[in-house]
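>>> need coordinates for the below:
(2 chains)
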Amino acid sequence: MSRGVLAGWAVFAALLAAVWGVEVFAVPWTDPYLTDIVIRIGFSLLAVMGLALVLGFTGQFSLGHAGFMAVGAYGSAALSVYAGLHPMLGVLLGGFAAALAGAAVGLPSLRLSGDYLAVVTLGFNQIIIVLIQNTPTLGGAQGLTGIPVATNFGWTFTWVLLGAFFIRNLLQSARGRVFAAVRDNEIATRSLGIDTTRAKVVAFVIGAFWAGIAGGLIAHYRSSIFPSQFQFDRSIEILAMVVLGGTGSLSGPLLAAGVLTALPELLRPVAEYRMVIYSLLLIGMMIVRPKGLLGNGELTDLFRRRRPAKKEAA
Amino acid sequence: MTLFLQQLLNGLSLGAIYALIALGYTMVYGTLQLINFAHGEVYMMGAFAALYIARYTGVADNPTLPGVAMVAVGAMTACAILGMLIERLAYRPLRNASRLNMLITAIGMSLLLQNIALLSFGALQNFPSLLPETQWKVIGVAVRSNDLVILGVTLSLMVALTVIVERTQIGRAMRAVSHSRDAAALMGIPVDRVVAFTFALGSVLAGAAAFLVAMDKHSVRPDMGMTGGLKAFVAAVLGGIGSIPGAVAGGLLLGLAETFVSGYLASTYRDAIAFLLLIGILLYRPAGLFGKSTVEKV
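Predicted coordinates:
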């Protein structure tokens, strides 16, 4: 193993130890309200990293991310309620279920260029909600209750760390470079002999997987879930986080996920205007700063300014 | 046989509405290559415009034929103005931006209008009865007067649209812009004005559809643009997006498919049919029924 890889694993292990240290030594003495907000930020982080990969790095416009969260949530909940699996194994399998759904949606629609994916994923989101509402074993519109509670700070951020390291390493691998190539110029990428449809489907499936993980954790957080939690406006919320944070950045959307999840708590009085504010932010951002706050950059770039400037690609 | 004819009539009436809305999607896509997600919201706002015009001019309490016509024209005008405003404020600043950015703006616009409507108009309002509603039995089929109004209005609007697009100066300009925006600009066609006119024309049709639906269903809701608009978009893709006869054919096809599925199978699958059709079409004929498949060039 090279030194870089070893250092990466060391950082990962240290962060993981820190997460569980906080869980064991700090969480029991912290205000439960604060812990609740932090855990929900963790859910947003997981959902956002999947969409950042699909939209930000691969340039594919998915509007049904909450649908994949629903698949993960209901899949894992059903496994732990009806099959008695360990909740975290259920979360993992829920993620795979969401990935499978991602393949089923992505394979037909990603063969085509551009805009069709937006409509198909939106439709998928609607269909999933209708299906859940009409399935009595999943609780229908009244919601599924009696799910064993297992999600806590430690598990949530263990998954967040796994996701962040996985996606960061993926983006720095050869396959990750292909994603960005597809986004920047699909025809040129295809002319190099790269199967662009395959790359898009792979990115989409991975994005769906992490959305499913987020859904599974949500399912095991409060012992009950409702179809209304995974409707279209949840997809839009995640989309807003990615777009505001920066398409082509990983840390930007993660930062936006943290801020936009905590912000409604601070702004309780204007909660009903939340969607109006999100939509105005989306439109304004597209007109004023189309690449989002960080654009293609990462937070760490802000600390690297003193190094000789990298050659900017035009 | 009676059931078949009944479903055929219901399907045509539903399909006519889809076709009217789909035309707006397809014309805007033809000129800007943009899925105008806000078009469904223009349709929804048209229904509310009709409601408030009918209420404040007294037509709601005392409907007369000229009054009802005025409500319809008022809703169509309101939609035209809204459509042009959206284009001017949100889309024109992004004329040369990437398609992804325009799509995100369109989504933002759609959400903005929907939530403004929800906050200012509430979740559901009743729409007054404007025309006397009767029903005739023709060989066992229930023919409602509203179905005849819907089909009649739709047919005459489509004739008018065909005349505008095929026979007038501005129609020729629209076809030129949708063929190639750059070449049209070089030939001295005022592209911005043609795009604004396209939005207005599509929005007028959406306004008419909104008036017809509100009158038929007796209710208007802020989320009607979401479901109605999405299905109309599916209809436009079915027919081949960018093609005007395609949008009409796609709308009728979708309307018939929905009524026959809910008539012969189960009505719970009704809302899934649109997207199953869409996925099927995208797999086997990506350009739609009337669309031409294009080759990407660098």
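
>>> ok, the residue nearest in space to the middle of chain A - contacts?
By CA atoms, centre = their mean, chain A has its centre lying nearest to residue A:47, at 2.0 Å. By CB atoms under 8 Å, 6 or more residues apart in numbering or on different chains, residue A:47 lies in contact with A:65, A:66, A:69, A:210, A:211, A:214, A:238, A:257. Every residue, glycine included, has its C-beta placed from N, CA and C.

>>> can you lay out those residues as CSV showing secondary structure and distance to chain B?
What follows is the contacts of residue A:47, written out as CSV (DSSP: H, G, I helix; E, B strand; the rest coil; distance: CB to the nearest CB, whole Å):
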residue, secondary structure, distance to chain B
A:65, helix, 13
A:66, helix, 14
A:69, helix, 18
A:210, helix, 21
A:211, helix, 18
A:214, helix, 21
A:238, helix, 12
A:257, helix, 17
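
>>> tell me the contacts of residue B:150?
B:13, B:16, B:17, B:212, B:216.

>>> for residue A:210, same thing?
A:46, A:47, A:49, A:50, A:53, A:95, A:163, A:167.

>>> again, but for residue A:132
Per CB under 8 Å, 6+ apart, neighbours of residue A:132: A:70, A:74, A:138, A:139, A:140, A:227.

>>> in the residues you listed, find the pair that's most separated.
A:70 and A:140 (13.5 Å; CB to CB).

>>> okay, these two: which has more neighbours?
Using other CB atoms under 10 Å in any protein chain shown, the more surrounded residue of residue A:70 and residue A:140 is residue A:70, with 31 against 14.

>>> for chain B, which spans come out with low pLDDT?
In the predicted model, chain B carries pLDDT under 70 at residues B:266-269, B:292-298.

>>> strands of that one, start to end?
B:125-126, B:135-138, B:141-144, B:219-220 (DSSP state E).

>>> give the other helices and strands that the last one contacts.
What that stands for is strand B:219-220. For strand B:219-220, the contact count by 3 or more CB pairs under 8 Å, 6 or more residues apart in numbering or on different chains; DSSP states H and E identifies helix B:39-56, strand B:125-126 as packing neighbours.

>>> which one of these is the most hemmed in?
Of the helices and strands packed on strand B:219-220, the one with the most neighbours on average (mean count of other CB atoms under 10 Å in any protein chain shown) is helix B:39-56, at a mean of 26.

>>> residues contacting residue 104?
By default, I'm working from chain A. So residue A:104 contacts nothing (CB under 8 Å, 6+ apart).

>>> try chain B instead
A:61, A:239, A:243, A:282, A:286.

>>> so what touches stretch B:56-74?
By CB under 8 Å, 6+ apart, stretch B:56-74 touches B:49, B:50, B:53, B:54, B:128, B:129, B:130, B:131, B:208, B:211.

>>> identify, from these, the entry nearest to chain A.
residue B:49 (20.0 Å; CB to the nearest CB).

>>> which non-adjacent residue is nearest the closest residue to chain A within the stretch 101-250 of chain B?
With CB to the nearest CB, the shortest gap between the stretch 101-250 of chain B and chain A falls at residue B:108, namely 3.4 Å. Ranked by CB to CB, 6 or more residues apart in numbering or on different chains and with sequence neighbours excluded, the top spatial neighbour of residue B:108 is residue A:282, at 3.4 Å.

>>> swap in residue A:106?
residue A:204 (4.0 Å).

>>> now could you export just the CA positions of the strand or helix carrying residue A:254 as CSV?
Per DSSP states H and E: residue A:254 is located in helix A:251-266. Extracted in CSV, the C-alpha atoms of helix A:251-266 (Å, rounded to 0.1, in the frame of the first residue of the first chain):
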residue,chain,number,x,y,z
SER,A,251,-18.0,19.5,-0.1
GLY,A,252,-20.1,22.3,-1.4
PRO,A,253,-23.4,20.3,-1.5
LEU,A,254,-22.5,18.7,1.8
LEU,A,255,-22.1,22.1,3.4
ALA,A,256,-25.4,23.3,1.8
ALA,A,257,-27.1,20.1,3.2
GLY,A,258,-26.0,21.0,6.7
VAL,A,259,-27.1,24.7,6.4
LEU,A,260,-30.4,24.0,4.7
THR,A,261,-31.3,21.3,7.2
ALA,A,262,-30.5,23.4,10.2
LEU,A,263,-31.9,26.6,8.8
PRO,A,264,-35.6,25.8,9.0
GLU,A,265,-35.1,25.1,12.7
LEU,A,266,-33.8,28.6,13.2
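
>>> tell me which residues in it are buried?
With burial defined by 16 or more other CB atoms under 10 Å in any protein chain shown, the residues of helix A:251-266 counted as buried are A:251, A:252, A:253, A:254, A:255, A:256, A:257, A:258, A:260, A:261.

>>> and the stretch 201-314 of chain A, which of its residues are near chain B?
A:232, A:236, A:239, A:243, A:247, A:272-273, A:275-276, A:278-283, A:286-287, A:290 (CB under 8 Å from any CB of the partner chain).

>>> for ChimeraX, write a command that selects the buried ones of these.
Buried subset of those, written as a ChimeraX selection, criterion 16+ other CB under 10 Å:
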select /A:232,236,239,243,247,275,276,278,279,280,281,282,283,286,287,290
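
>>> sitting in helices, which of the residues of the stretch 201-314 of chain A next to chain B do you find?
A:232, A:236, A:239, A:243, A:275-276, A:278-283, A:286-287 (DSSP state H).

>>> residues in contact with the closest residue to chain B within the stretch 1-150 of chain A?
Closest residue of the stretch 1-150 of chain A to chain B, CB to the nearest CB: residue A:123 (3.7 Å). Shown in contact with residue A:123 (CB under 8 Å, 6+ apart): A:64, B:230, B:234, B:274, B:275, B:278.

>>> any idea how far residue B:280 is from the nearest residue to the last one once chain neighbours are set aside?
Distance criterion CB to CB, 6+ apart; nearest residue to residue B:278, sequence neighbours excluded, is residue B:234 at 4.8 Å. Noted for residue B:234: a distance of 11 Å to residue B:280, by CB to CB, to the nearest Å.

>>> when the two are compared, which one has more neighbours?
Taking other CB under 10 Å, residue B:234 and residue B:280 do not tie; residue B:234 has more neighbours (26 against 12).

>>> in the top helix by length along chain B, what counts as buried?
Across chain B, the longest stretch assigned as helix under DSSP H is helix B:2-32. Across helix B:2-32, burial judged by 16+ other CB under 10 Å covers B:6-7, B:9-32.

>>> and it, how far out from the chain middle?
Mean-position distance between helix B:2-32 and its chain equals 8 Å (CA atoms, centre = their mean, to the nearest Å).

>>> then stretch A:280-288?
So, by CA atoms, centre = their mean, the centroid of stretch A:280-288 is 22 Å from its chain's centroid.

>>> ok, now stretch A:255-264?
14 Å.
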